[in-house]
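Chemist: what's the 3D shape of this:
(6 chains)
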Protein chains: 6
Amino acid sequence: MTDKTVRGKQIMDRLEAGAGDRVTGRLAELDPDLPRLITDYAFADVVGRPGLDLRTREMLTVAALTAMGTAPGQLEFHMRGALNVGVSEKELLEVVIQMAVYAGIPACMNGITAYRSALDARDDPA
Amino acid sequence: MTDKTVRGKQIMDRLEAGAGDRVTGRLAELDPDLPRLITDYAFADVVGRPGLDLRTREMLTVAALTAMGTAPGQLEFHMRGALNVGVSEKELLEVVIQMAVYAGIPACMNGITAYRSALDARDDPA
Amino acid sequence: MTDKTVRGKQIMDRLEAGAGDRVTGRLAELDPDLPRLITDYAFADVVGRPGLDLRTREMLTVAALTAMGTAPGQLEFHMRGALNVGVSEKELLEVVIQMAVYAGIPACMNGITAYRSALDARDDPA
Amino acid sequence: MTDKTVRGKQIMDRLEAGAGDRVTGRLAELDPDLPRLITDYAFADVVGRPGLDLRTREMLTVAALTAMGTAPGQLEFHMRGALNVGVSEKELLEVVIQMAVYAGIPACMNGITAYRSALDARDDPA
Amino acid sequence: MTDKTVRGKQIMDRLEAGAGDRVTGRLAELDPDLPRLITDYAFADVVGRPGLDLRTREMLTVAALTAMGTAPGQLEFHMRGALNVGVSEKELLEVVIQMAVYAGIPACMNGITAYRSALDARDDPA
Amino acid sequence: MTDKTVRGKQIMDRLEAGAGDRVTGRLAELDPDLPRLITDYAFADVVGRPGLDLRTREMLTVAALTAMGTAPGQLEFHMRGALNVGVSEKELLEVVIQMAVYAGIPACMNGITAYRSALDARDDPA
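Modeler: Now for the predicted structure:
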C-alpha cells in the first residue's frame, strides 16, 4: 500500500470509522486497481488537497450531491461524514435548505430525507 | 419596499455592487411580483438565514452550480460573488477541483472556464 | 399563521387532504422557519399565482419531475395531486408519455411506474 | 412521404411556419431515416396523440426543458411554438416562474432569458 | 402486429428472454399504442438501425444510463442485456469505471451497485 | 514527468494532436497539480485501462456526454477524438441518434450540432 493510498484511507476513516477498509474491500473484489480510484484519486489527490479543510469540503460535497439528486446513498454517507468531521447538525441542515434555491424544492426535500436518515444512523449505529 | 426586500437586496449587493437593483429592475419589467422571488425568498429568507456565513454559502452555491452544469452565467456571477465576500481565488479553485470527483471532469472543466472568466471580470470590470 | 401561510396550506390540501398539516408538521420538527419555505414561497407565492389554474400547474409539475427523474416520491405526490384537482387519468398518462420525447424513454418508464403507484394509492388509500 | 410524416410536419409547422421542412431538410443531409425520428415519432406518434391539445402540450414541453436546462435552443423554439399555438405571453411566463420551485432559481432565470429571446424573435422575425 | 413491431420485440428478446412480451404486455394495459413506442420506435427504428452492432449499442446505453443516474432499474436491465448479447463481465465493468471520469465517482458507484445486481440476477434468475 | 503522466498525455495526443500539452499547459497556469488530474487519473488510470480499446471508450464518452448535455465543448472534443482513433463518421452519428431513445430528442439534437461542428473542424482545422 503506497503512502498515497494510506493517506486516502485515513481521510475516509475520518468521515466514517472503518470506511476505508470497507469500501476498498468491496471494490477489490471486482478489480484490484479499482480501490485506488477512490483512495488515491478521490480522497488523497483531490479531497486531501490543502487549501480547504475537510469540514468545508464535506459541506461542499453535501451541497453538490443534494443538488444533483442522483446518489442518495452517497449523500447520506457524506452527511454522516460531515457530522463526523465537525459540521454541526444545524449547519448541515442549512446546506440542504440552501439547495432549495439553486436546485429546487424537491432536491431540498430529498436532502431532508437523507439528513433525517444520517441523524438516525448516528443515534442508532447499525 | 418591505424590510425583507431591503435585506435581500443588501445581500445581493454584497455579492456584486449594484446587483440588487440591476436584477430586480430587469425582472420587474416582466412582472411586478417577480423581483421578490429573488430578493425576499432566495436571498432574504434562504441565503440570509443565520447558521452559515455568506462566504461559506457562496462556496456551497458554486459547488452546486458547478456540479449541475446547467447555469454557466449564474455560476460565474456566484464566483464573482464568492470572491467579493471573502473567498480567496485559491479557495474558489479548490471548490471547482473538488467537483471533478463528485460530478466528473467535464463539470470541473466547465467550472474552470467560469473561474477564469470570473477572475478576468475582476481584473477588467466592464 | 399569516394569511399567506393559510393560502399556501389550502393549495396543499387541495392536492391531498391533510398535506398542509402533515408536511409542515414534519418540517417544523427540524426548523421553525422551514415550513414557510413550502407554504408561503412554493405554494402561496408561486403555485398560487393567478395566470394558470392549479390543474394546469400540476400537469406542468408532473412534466418537470418526470423529465428530471430525481424525485420519484414527489412525482408520485404531484400525480395524486393532479388527479385530485381535476386532471383525468388519461391526461396524466399523456403528460408522462410526452416526456419520452423530451427526456428519453427511461424517464417516461419511471414516470409510468409513478403513475401506476399514484393510481393504486387512490384505489387503496393507506 | 407517408401520411404519418405529413401529420408530423403539419404539427411542426403549427409551432413555427416552415419548421417541418427546415428541420427535416437539415437532418436528411446526415441520414435519410433521421427526419422520421422527428416527424413520425416525436410529433405524429407522441405530440400528435389525442388526449391533450397542442397548446397544453407545448406548455408541458416548455416546463420540462426549463427544468432540465440542457437545451436552451430548443427551449426557445418551443416557447415560440407555444406562443404560436395560443399560449399567451403571460401564461408562458407563469410556466417559467413555476419551475423556480421545482428546478431552482437558476433554471428559472435561464428560462426567463429564453423567454425574452422568444418574445424578441416574434417582434423582429429574422 | 407489423413487421416493425416483430423486429423490435426480437431485439428486446435478445436482451432478455421474454422481455418483448413482458414489457409490451404491461404497457398495453395502460394504452394500446404505448407498446409501439418501445418496440417500433426505441428498438426497431433506433436501436435496430444498422451501423453499430447490438453489443456496442448496449455498452453505449449502459454508459449513458450510468452517467445520467436517474434510471437504476433500467440500467440494471441493460446491463443484463449487455451480458446477454456478448459483452463480457469485465468489459461491462470497464464501461462503469470509465463513467467515474465523465460523470463523477458517485455515478460510478451507483453503476457498480447495478453491476453487482445484474451479475447476481444471472447467477440466480428469479 | 512520471511514466504515468507520459502515458496519459500520449492518449490525449491520440485523440487530438497536441492536446496533451495544450490542456496541461493551461491547467498548470492555475495550479501545478491540476494537470495530473487529467493526465494521470482521467487518461492514464481510467481511459488507459486495458479491457476496452480507445475506439470503444471514445464512443462511450460521446454517448455519456450527449446524454448528460452539460458539456458541449468537451462533447465536440471527444467527437473529434473518436474520429481520430478510428470511429467512422457514420458510427459516431449512430451513437448520437441512439441517445434520442435514452436521453430524449433535445439531447440528440444537441449532439447533432456538436457532430456537425466536429466534422467541420476536421475539414477546416483552425
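Chemist: near chain D, which residues of chain A?
Modeler: A:67, A:99-107 (Cβ under 8 Å from any Cβ of the partner chain). Just so you know, the C-beta spots here come from the backbone N, C-alpha and C atoms, and that holds for glycine as well.
Chemist: Run through chain A and note the low-pLDDT ranges.
Modeler: Low-confidence regions of chain A, defined by pLDDT under 70, span residues A:125-126.
Chemist: quick one, what contacts A:Glu76?
Modeler: Shown here is A:Glu76, whose contacts under the criterion Cβ atoms under 8 Å, 6 or more residues apart in numbering or on different chains are A:114, A:117-118, A:121.
Chemist: Next, the residue nearest to it when sequence neighbours are not counted: secondary structure please.
Modeler: Closest residue in space to A:Glu76, ignoring its immediate chain neighbours: A:Ala114 at 4.6 Å, by Cβ to Cβ, 6 or more residues apart in numbering or on different chains. For A:Ala114, the secondary-structure state derived from DSSP: H, G, I helix; E, B strand; the rest coil is helix.
Chemist: now swap in A:Asp31 and tell me
Modeler: coil.
Chemist: How about the most centrally placed residue in chain A, nearest residue that isn't a chain neighbour?
Modeler: Against the mean C-alpha coordinate of chain A, by Cα atoms, centre = their mean, the closest residue is A:His78 at 2.3 Å. Taking Cβ to Cβ, 6+ apart as the measure, A:His78 lies nearest to A:Thr61, with 4.7 Å between them; neighbours along the chain are not counted.
Chemist: so how far is B:Thr70 from that neighbour?
Modeler: The span separating A:Thr61 from B:Thr70 equals 19 Å under the rule Cβ to Cβ, to the nearest Å.
Chemist: OK, contacts around A:Gly20?
Modeler: By Cβ under 8 Å, 6+ apart, A:Gly20 lies in contact with A:8-10, A:12-13, A:39.
Chemist: what do you get for A:Tyr41?
Modeler: Taking Cβ under 8 Å, 6+ apart as the definition, contacts of A:Tyr41 comprise B:101, F:41, F:45.
Chemist: So what does it have for phi and psi?
Modeler: With angles defined as degrees, to the nearest 10, A:Tyr41 shows backbone torsions of phi -80, psi -70.
Chemist: separation between A:Glu91 and chain D?
Modeler: Using Cβ to the nearest Cβ, to the nearest Å, one obtains 21 Å as the distance from A:Glu91 to chain D.
Chemist: my guess is that residue meets B:Leu52, correct?
Modeler: Yes. Contact between A:Glu91 and B:Leu52 holds when scored by Cβ atoms under 8 Å: they sit 6.0 Å apart.
Chemist: Pick out whichever of the two has more residues nearby.
Modeler: Comparing A:Glu91 with B:Leu52 by neighbour count (other Cβ atoms under 10 Å in any protein chain shown), the higher total belongs to B:Leu52, at 21 against 17.
Chemist: Go through whichever strand or helix holds A:Ser117 and flag the buried ones.
Modeler: Element membership of A:Ser117 [criterion: DSSP states H and E] is helix A:105-123. In terms of neighbour count (16 or more other Cβ atoms under 10 Å in any protein chain shown), helix A:105-123 has its buried residues at A:105-112, A:114-115, A:117-119, A:121.
Chemist: next one: stretch A:51-59
Modeler: Using 16+ other Cβ under 10 Å as the burial criterion, the residues of stretch A:51-59 that qualify are A:51-52, A:54, A:56-59.
Chemist: which residues of chain A fall in helices?
Modeler: Defined through DSSP state H, the helices belonging to chain A, from first to last, are A:3-15, A:19-28, A:34-36, A:54-68, A:72-84, A:89-103, A:105-123.
Chemist: picking up where we left off before, between the contacts of A:Glu76, which is nearest F:Thr24?
Modeler: A:Ala114 (37.3 Å; Cβ to Cβ).
Chemist: Any figure for the gap between that closest one and C:Arg14?
Modeler: The value you get for A:Ala114 to C:Arg14, if Cβ to Cβ is used, is 29 Å.
Chemist: Equivalent analysis for A:Glu29, please.
Modeler: 52 Å.
Chemist: higher neighbour count, the two?
Modeler: Of the pair A:Glu29 and C:Arg14, C:Arg14 is the one with more neighbours under other Cβ under 10 Å, namely 17 against 10.
Chemist: so that one touches C:Leu54, yeah?
Modeler: Yes. Under the criterion of Cβ under 8 Å, C:Arg14 makes contact with C:Leu54 at 6.4 Å.
Chemist: Now the common contact residues for these two.
Modeler: The overlap between the contact sets of C:Arg14 and C:Leu54 (Cβ under 8 Å, 6+ apart) consists of C:Val85.
Chemist: Tell me the residues of chain A that contact chain E?
Modeler: Remark: the part of chain A in contact with chain E comprises A:27, A:30-31, A:34, A:37-38, A:42, A:65, A:68, A:70-71, A:73-74, using Cβ under 8 Å from any Cβ.
Chemist: Any chance you could give me stretch A:76-91 in CSV, C-alpha atoms only?
Modeler: Only the C-alpha atoms of stretch A:76-91 are listed here, as CSV (Å, rounded to 0.1, in the frame of the first residue of the first chain):
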residue,chain,number,x,y,z
GLU,A,76,-26.3,10.1,3.3
PHE,A,77,-22.7,8.8,3.7
HIS,A,78,-21.3,12.3,3.3
MET,A,79,-23.8,13.7,5.7
ARG,A,80,-22.7,11.3,8.3
GLY,A,81,-19.1,12.2,7.3
ALA,A,82,-19.8,15.9,7.6
LEU,A,83,-21.1,15.4,11.1
ASN,A,84,-18.1,13.3,12.0
VAL,A,85,-15.6,16.0,10.9
GLY,A,86,-17.2,18.8,12.8
VAL,A,87,-20.1,20.1,10.8
SER,A,88,-23.0,20.7,13.2
GLU,A,89,-26.4,19.3,12.6
LYS,A,90,-27.7,22.8,12.3
GLU,A,91,-25.1,23.7,9.7
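Chemist: buried sites along it?
Modeler: For stretch A:76-91, the buried set under the neighbour-count rule, 16+ other Cβ under 10 Å, comprises A:76-85, A:87, A:91.
Chemist: How about stretch A:16-29?
Modeler: Buried, per 16+ other Cβ under 10 Å, within stretch A:16-29: A:16, A:19-20, A:23-24, A:27.
Chemist: care to break chain A down by domain?
Modeler: In terms of domains, chain A is parsed into A:3-47, A:54-123 (source: automatic domain parsing).
Chemist: Quick one: distance of the shortest one to the chain centre.
Modeler: So that's domain A:3-47. For domain A:3-47, the distance between its averaged C-alpha position and the chain's averaged C-alpha position is 12 Å (Cα atoms, centre = their mean, to the nearest Å).
Chemist: First-to-last residue distance for that domain?
Modeler: With Cα to Cα, to the nearest Å as the measure, domain A:3-47 spans 15 Å from end to end.
Chemist: Wait, the residue nearest to A:Glu76 touches A:Pro72, no?
Modeler: Yes. Contact status for A:Ala114 versus A:Pro72: in contact at 5.8 Å, counting by Cβ under 8 Å.
Chemist: out of the residues of chain A next to chain E, what pair is the most spread apart?
Modeler: The widest separation within the residues of chain A next to chain E, taken as Cβ to Cβ, falls between A:Asp31 and A:Met68 and amounts to 25.3 Å.
Chemist: Of those two, which one has the most company?
Modeler: More crowded of A:Asp31 and A:Met68, by other Cβ under 10 Å: A:Met68, with 26 against 17.
Chemist: ok, and the closest non-adjacent residue to the more buried one?
Modeler: Closest residue to A:Met68 in three dimensions, ignoring its sequence neighbours and counting by Cβ to Cβ, 6+ apart: B:Ala67, at 5.5 Å.
Chemist: Could you check how far that neighbour is from F:Asp45?
Modeler: In this structure, B:Ala67 lies at 22 Å from F:Asp45, with Cβ to Cβ as the measure.
Chemist: Comparing these two, which shows the higher neighbour count?
Modeler: When neighbours are counted by other Cβ under 10 Å, B:Ala67 comes out ahead of the other of B:Ala67 and F:Asp45, with 28 against 21.
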